[in-house]
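# Please work out how this folds:
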Amino acid sequence: MLTPHHDGSPLHVSTQSPALGETVRVRLRVPEAFGPLAWVGTRSNPNREPRFDEAVRVATGEGGWSWWEARVEVENPVHGYRWLLVGVDGRQHWLNQVGLSGIETRDRDDFKLVAHEPVPEWVSGSVLYQVFPDRFARSAAADERETPEWAIPAQWGDALDPVPPGCSAQFFGGDLDGVRENLDHLSGLGVNLLYLTPVFPARSNHRYDASTFDHVDELLGGDDALVRLVEAAHARGIRVIGDLTSNHSGDAHEWFRTAQADPASAERDFYYFDDAAPNGYESWLGVPSLPKFDWSSQELRRRFVDGPDSIVAKYLRAPFGLDGWRIDVANMTGRLGGVDLNAEVRRAIRRTMLAVNPDTILLGESTNDGAGDFQGDAWHGAMSYTPFTRPLWSWLQAPGSPAAGGIGFALAQVPVFTGRQFVDAHLRFAAGYPWRTRLGGMNALDTHDTPRFATNARPGTVPVGFGLAVTMPGIPVVWAGDEFGLTGEDGEASRTPMPWGTEQDASVAPVLDAYRRLVELRRSHEVLATGGIRWLAVTDELVAFVRESEEESVLVVAARSAAAVELPVALGEPLVAFGEGRLEASDAPSAGVVTAIADGPAFGAWLLPGVTAPAW
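Coordinates of the predicted model:
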């Protein structure tokens, strides 16, 4: 059954970047079958005091919908609003980002207008490819470098050592010139944003234990190699972002060594030294090699995140020219016990980025419900597992699947969801984010911290999962090797060296083809980047939605097993289809209704006409 609809897209909101004090026009679509209404309008909460603004009907009967418009003044930097519909029978219906409700809803789930600095236009159109430099590719120059004292050398085809010390010390010697030499692979996939995990010197293969931020690790080719890589990527239309650890450094970091040696040094205040703490200082989850930063130090802020001379600024400027940062452990940064400086730190990072290059992206890692930190004051999107990754796994992973590593499932087990639970979980967590932050969130099937999705996916569901990643709001993510069908039981085991030369293998070629076709689908249709989303059908085995704009719409149907459902749309032009058996739309007896049929796990997308909407 059709229900009233609103989202943050240009179909329903007159501007995506309002200014404080600006009046924004917002629109609601109500199907004729919903019944007569006595009052329609918005309920805002400026300065934490409710305000109601009545809407007027601006169009009737377009495609069976009535359009209502209200005017909302953006009185706060994040201005929440929801819709109230009152039937002629007096019943109240509330509509927020979770959906339609017959009872009053929570402020945190409201639609949100954000008056903070606008998001770079290119963010929502990105398809991100994640590279772990040690495991991506070796250039010839890597053969000339000596293995560091901390490392256990390995040949490219060697099996991974999943236990300490091998998991962090096994060294394959991939470098940045190796990444540069394989940029044609990224171009062939169609990705346009490259994310490098840390490139600074460290004493591990993952480099999250930096020993300095002042230069790029010579094992990766040094500063010049990063410059070469960024220049070559930019020449192909690929932006590049780096990775910073704002929560901690390594215990070999020059700042930490100075702090230990000289209690009177400025660096002493960069960390939490406490004789009662294990090893005499606070560290990330008690790991002694990762001492935690104390962001009450103004000198730490000046050197690291704040101003033109900071580390944040240095790598965004020439000659490096990075296009942004992903911040590691963003959720824990600046937080310890009764201290919470997280907002100050993230805002300082973004303030510096705006001053150096406002056309840069800032992504923050949050392994849990991080919506409270992602309201538009700093982060453009979340590397968060709650709105997409975990719900998707729960629907598409085989029952009883383990989930070790950093994906965050309770008790390291994947619960089994129906399609209804998948959508409900997605909406519950996505509702906490403003629309524009949802568009910048990372739709990752997996990452370097998690098991590979393909390891325990239900047969035939890898294209289903990645199909949803490219068609739901957010930035699709390819973790290097997913397109080769790699598997891994946990985050360490998923950091497999790339199997170059296997692209034509029978087990690899179809996976590569699926990734290429799905990325092409995303890149070919702007509506999948910025359009609204309206859910049409949700069953245990199948979900369907439509992404909508005035220019075009795309119908998406995803199934994990055999299912059939009627959808209230016209028959559209096929764009892509994957799966066992048949997934098709066929004319139903009633006009304006089609039937989607899956004979097994399947994913399909169809092009539909754009939405006829009143002119703004």
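# All the helices of the stretch 451-600 of the chain, in order from the start?
Taking DSSP state H, counting those that start in this stretch to define them, one finds helices in the stretch 451-600 of the chain at 462-471, 509-524, 527-530.
# which one of the ones you listed is the most hemmed in?
Of all these, helix 462-471 has the most neighbours on average by mean count of other Cβ atoms under 10 Å, namely a mean of 26. (Each C-beta comes from the backbone N, C-alpha and C, glycine too.)
# Next, the angle helix 509-524 makes with it.
For helix 462-471 against helix 509-524, the angle by axes from the mean of the first three to the mean of the last three Cα atoms, to 10 degrees is 20 degrees.
# And the strands in the stretch 151-300 of the chain, which stretches?
Counting by DSSP state E, counting those that start in this stretch, the stretch 151-300 of the chain has strands at residues 152-153, 170-171, 193-196, 239-245.
# so what's the residue nearest the centre of the chain bridging to?
By Cα atoms, centre = their mean, the chain has its centre lying nearest to residue 442, at 1.0 Å. Beta-bridge pairing of residue 442 under DSSP bridges involves residue 475.
# out of the strands of the stretch 151-300 of the chain, deepest packed?
strand 193-196 (a mean of 25).
# closest to residue 481 out of the strands of the stretch 151-300 of the chain?
strand 193-196 (14.0 Å; Cβ to Cβ).
# in its sheet, what does the closest one sit against?
Take DSSP bridges as the rule and strand 193-196 pairs in its sheet with strand 128-131 (parallel), strand 239-245 (parallel).
# Include mean pLDDT and distance to residue 172 when you put these into a markdown table, please.
Supplementary listing: the strands paired with strand 193-196 in a markdown table, determined by pLDDT from 0 to 100; distance: least, Cβ to Cβ, whole Å:
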| stretch | mean pLDDT | distance to residue 172 |
| --- | --- | --- |
| strand 128-131 | 98 | 13 |
| strand 239-245 | 98 | 18 |
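# Show residues contacting the helix or strand containing residue 82.
Using DSSP states H and E, the element containing residue 82 is strand 78-87. Residues from elsewhere that reach strand 78-87 (Cβ atoms under 8 Å, 6 or more residues apart in numbering): 4, 6, 26, 28, 30, 34-46, 52, 72-73, 92-96, 105, 107, 109-116, 375-377, 434.
# let's see 6 Å
6, 28, 35, 37-45, 72, 92-96, 107, 110-114, 375 (Cβ atoms under 6 Å, 6 or more residues apart in numbering).
# Just the CA atoms of that strand, as PDB, please.
This file holds the C-alpha atoms of strand 78-87, laid out as PDB (Å, rounded to 0.1, in the frame of the first residue of the first chain):
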ATOM      1  CA  VAL A  78      20.700  21.500  12.600                       C
ATOM      2  CA  HIS A  79      17.000  22.100  12.400                       C
ATOM      3  CA  GLY A  80      14.800  19.100  12.800                       C
ATOM      4  CA  TYR A  81      11.200  18.700  11.500                       C
ATOM      5  CA  ARG A  82       8.600  16.100  10.900                       C
ATOM      6  CA  TRP A  83       5.300  16.000   9.200                       C
ATOM      7  CA  LEU A  84       1.900  15.800  10.900                       C
ATOM      8  CA  LEU A  85      -1.200  14.600   9.000                       C
ATOM      9  CA  VAL A  86      -4.600  14.800  10.600                       C
ATOM     10  CA  GLY A  87      -7.400  12.900   9.000                       C
END
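# Pairing partners for that strand, with directions?
Counting by DSSP bridges, strand 78-87 is paired with strand 37-44 (antiparallel), strand 92-95 (antiparallel), strand 111-114 (antiparallel).
# Could you pull out the buried residues of it?
79, 80, 81, 82, 83, 84, 85 (16 or more other Cβ atoms under 10 Å).
# TSV for the strands paired with strand 193-196, including distance to residue 489?
Shown next, in TSV, are those (distance: least, Cβ to Cβ, whole Å):
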stretch	distance to residue 489
strand 128-131	19
strand 239-245	24
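# just so I know, which of these lies nearest residue 574?
strand 128-131 (26.8 Å).
# do you know how far residue 278 is from residue 148?
Using Cβ to Cβ, to the nearest Å, one gets 27 Å for the distance from residue 278 to residue 148.
# between these two, who's got more neighbours?
residue 148 (15 against 11; other Cβ atoms under 10 Å).
# Look up phi and psi at the more buried one.
phi -70, psi 160 (degrees, to the nearest 10).
# How about it: what's its closest non-neighbour residue?
residue 219 (6.6 Å; Cβ to Cβ, 6 or more residues apart in numbering).
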